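Enquirer: Pasting a predicted model and its sequence here:
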2 protein chains.
Amino acid sequence: MNTAPSGNLLVAQSGGPTAVINNSLYGVIKESRNHPEITGVLGALHGIEGVLEENIIDLEKEDPDTLEGLKKAPASALGSIRYKVTEEDYSRILTVFEKYDIRYFFYIGGNDSMDTADKVAQLSRESGRELRVIGIPKTVDNDLVETDHCPGYGSAARYTAITVREIGIDVESLPPPVTVFETMGRNSGWLTAATALARGDGYPAPNLIYCPEQPLAREDFLTDVQDTYDEYGYALVAVSEGLKDENGNPISMAGSEVKSDDFGHALAGGVGSRLADLISEELGLRARDEKPGLAARCSSQLASETDRTEARKLGMEAVKLAIGGASGKMVALKRPESEEYRVEIAPVRLKDVANAEKKMPEEFLNDRGNDVTESFYEYARPLIGRNLPEYSKLQMIPVNR
Amino acid sequence: MNTAPSGNLLVAQSGGPTAVINNSLYGVIKESRNHPEITGVLGALHGIEGVLEENIIDLEKEDPDTLEGLKKAPASALGSIRYKVTEEDYSRILTVFEKYDIRYFFYIGGNDSMDTADKVAQLSRESGRELRVIGIPKTVDNDLVETDHCPGYGSAARYTAITVREIGIDVESLPPPVTVFETMGRNSGWLTAATALARGDGYPAPNLIYCPEQPLAREDFLTDVQDTYDEYGYALVAVSEGLKDENGNPISMAGSEVKSDDFGHALAGGVGSRLADLISEELGLRARDEKPGLAARCSSQLASETDRTEARKLGMEAVKLAIGGASGKMVALKRPESEEYRVEIAPVRLKDVANAEKKMPEEFLNDRGNDVTESFYEYARPLIGRNLPEYSKLQMIPVNR
């Protein structure tokens, strides 16, 4: 183990925010105070852009209450960015790091950000200047490899489960024949699958779940919706925004050529609205679509406490790991076999995470392609924290007359 | 004042559910216990349909904890219905009422339901059989006349305000150039206007608000979005599902003729998706739409306590009013002039409420047609209950180097 160098710490956030990404930021700041080698705690605004443009703030000048409040604050407190770093940028990054005496760099982000962090670590190593770089995972898409799950997913899953449970009760009490609920997730169905967690004793919705890992077969889909409607008097159908048809074409783009009108050349709506239209047209059932979209990733009110705690711990562990000599690693969540849910934090190589994508494994999806399996419930249930709210339901005992 | 007749009470729920409609049900059940004239407390399932089909339950056989839980239970616990009552139905209703010894009928619903209740009251009066009928208002659309506001609106408004505040923070931290947030509300903009309540110190979103009371002028709309984007680096735009263009055509239907494809003859998406497309096409700004839809009316987690309390009191007052001799009335909320917000409950005639619709008054909307006025804030703020959550925001003090 190397002696930890003395110098400043820099932390930044990248990619789509989550409800708990600021918990990782909090964890980094908090743990940094335990290590005198860390002489200053700085933050780059809007991810790597803040480094390139020297938009760098002093996190030690923030009010302590503001920092405590980060545990509940949605979105990325430092601002975020989606930006593909160029070769030229990398040398600029190293120059800025030297100028600001940065010896510790923590990048909270998804797989693109892990790639950036990996290259920074590598180039710095080659340059001979000591810099310790650790990635901290986050993404509501839950699609990073090498980690059991990603901070942010549990909260988005909890939001989605509670929302679908409530909509399910609504729909049962006044059935619009079909409700199509669209979730985020371009290539993987993790968040769509999480709608299953809405179910419970007396909560049958969602009735059908379609993830992008399996192609959507038109006729099967229509048959399943009709059968569900026949059985329940309504159907609540969860679909992923990234669904594709059997030819691999995104549903949301299919037949997108529409007539222009006074309000411009309209493109087709999203998956939910298209499938609602398909159901109306083909089955003659009134259908509406719901698309909470961004709300799922930024709802602080419905966030998972488990997720918050894990995100915070990852931030803290990242600092300990760097002080201990590591660089070019991401802190990952590992779930040991055990009766009760628990996680351990372990370092994995940034390069193994960079640019890879974890889809839902086959065993989490049923053969028909319209639901999740029991294995998925076992995987996902602990991540959303405490039990979902249960609501009163009348027994409805008929009066005798 | 007549002597109150001895007999059963029947309560039913109708129309789109709200997050607090079960509070009115709870209020009716609770207050009924104070009046020995009421010999039994019955509920009709799925509104007037439950009467016609004799799907009538005994609410006194319900578990007391279940009844207490109604205060938090979303959707209509008795089930709801949208159904136009026929002449034939009315005589059937009176027959069923006689069979079940119903002397008190409480209908919790919107303007259609008030019409139904009014006719039942009238026909019963003509038949000479004593029946006391009271309507209890509910609707997230807030469009009933003769009442300051409608139970259900405050909760949907609170949900909408919190959601837009959180999305606003998200969008500020990682700007997708434009976000179009669509709310429910076919003919009136009450719920769209409620997005304004998301604003506060440090919370500029939503930047623009478009209600259906004012036609959407294409060029002005595009100019406003571009100007907002230029000023903030993003634009969060709230729109009502019922928006119409300057010719009175619904935006959601304009140019709805699209090519058929493998997935059927797709109709166009909703307002949000159409306007997002328009912005992309005309301004070249990436735009996405959000449509929480039903979630706004059934979110128990984000409901307004003020709304819950008022809905409960209306249920209780309705029973007192009927016992006191009234029939053919709706219990309405009146807001006396006062420093602090308070409401009084007063009876109004069902026939004055039936089939009428209250739109946003002109003084609640600005001349440009892209925002609400201070008068709207004064009107709406008390209805959403306690203050919205405030989230930590870093001061972002630049580091010196």
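Expert: Now that the structure is in, tell me what you want to look at. Numbers count the residues shown, from 1 in each chain, chains lettered A, B, ... in the order given.

Enquirer: could you pull out the helices for chain A?
Expert: Secondary structure of chain A, counting by DSSP state H: helices at A:21-32, A:48-52, A:64-69, A:87-99, A:111-127, A:153-173, A:190-193, A:218-232, A:271-283, A:295-298, A:305-323, A:350-353, A:374-380.

Enquirer: Which residues does residue A:109 form beta bridges with?
Expert: Taking DSSP bridges as the rule, residue A:109 bridges to residue A:137.

Enquirer: so residue A:250 touches residue A:243, yeah?
Expert: Yes: counting by CB atoms under 8 Å, residue A:250 does reach residue A:243; the two are 7.2 Å apart. All C-beta spots, glycine's among them, are computed from the backbone N, C-alpha and C.

Enquirer: higher neighbour count, these two?
Expert: Applying other CB atoms under 10 Å in any protein chain shown to residue A:250 and residue A:243 shows that residue A:243 carries more neighbours, namely 27 against 17.

Enquirer: Just the strands from the stretch 301-401 of chain A, written as ranges.
Expert: Taking DSSP state E, counting those that start in this stretch to define them, one finds strands in the stretch 301-401 of chain A at A:329-334, A:344-349.

Enquirer: Mutual contacts of residue A:250 and residue A:243, please.
Expert: Residues touching both residue A:250 and residue A:243 by CB atoms under 8 Å, 6 or more residues apart in numbering or on different chains: residue A:271.

Enquirer: related to what we said a few turns ago, least reliable of the helices of chain A by average pLDDT, please.
Expert: For the helices of chain A, the bottom mean pLDDT is recorded on helix A:271-283, which sits at a mean of 93.

Enquirer: Just confirm yes or no for that one near chain B.
Expert: Yes: residues of helix A:271-283 contacting chain B under CB under 8 Å from any CB of the partner chain: A:273, A:274, A:275, A:277, A:278, A:280, A:281, A:282.

Enquirer: Closest one of those residues to residue A:29?
Expert: The shortest distance between residue A:29 and any of the residues of helix A:271-283 next to chain B, using CB to CB, involves residue A:273 and amounts to 42.5 Å.

Enquirer: so what's that closest one up against?
Expert: Residues touching residue A:273, when contacts are defined by CB under 8 Å, 6+ apart, comprise A:180, A:289, A:291, B:269, B:270, B:273.

Enquirer: In contact with the second one: list those residues for me.
Expert: This points to residue A:289. Applying CB under 8 Å, 6+ apart, the residues contacting residue A:289 are A:179-182, A:269-270, A:272-273, A:275-276, B:270, B:291, B:293.

Enquirer: now the residues you listed: which count as buried?
Expert: Under a neighbour-count criterion of 16 or more other CB atoms under 10 Å in any protein chain shown, the subset of the contacts of residue A:289 counted as buried comprises A:179-182, A:269-270, A:272-273, A:275-276, B:270, B:291, B:293.

Enquirer: Could I get those in a markdown table, plus columns for distance to residue B:337?
Expert: Putting these into a markdown table (distance: CB to CB, whole Å) gives the following:
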| residue | distance to residue B:337 |
| --- | --- |
| A:179 | 43 |
| A:180 | 47 |
| A:181 | 44 |
| A:182 | 46 |
| A:269 | 46 |
| A:270 | 47 |
| A:272 | 46 |
| A:273 | 45 |
| A:275 | 51 |
| A:276 | 46 |
| B:270 | 40 |
| B:291 | 38 |
| B:293 | 36 |
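
Enquirer: Show me which of these is closest to residue B:348.
Expert: Checking those against residue B:348 with CB to CB, the nearest one is residue B:293 at 30.7 Å.

Enquirer: Closest approach to chain B from the stretch 51-200 of chain A, which residue is it?
Expert: Closest to chain B within the stretch 51-200 of chain A is residue A:69: 2.9 Å, counting by CB to the nearest CB.

Enquirer: Could you count how many residues lie near that residue?
Expert: Residue A:69 has 18 neighbouring residues, counting by other CB under 10 Å.
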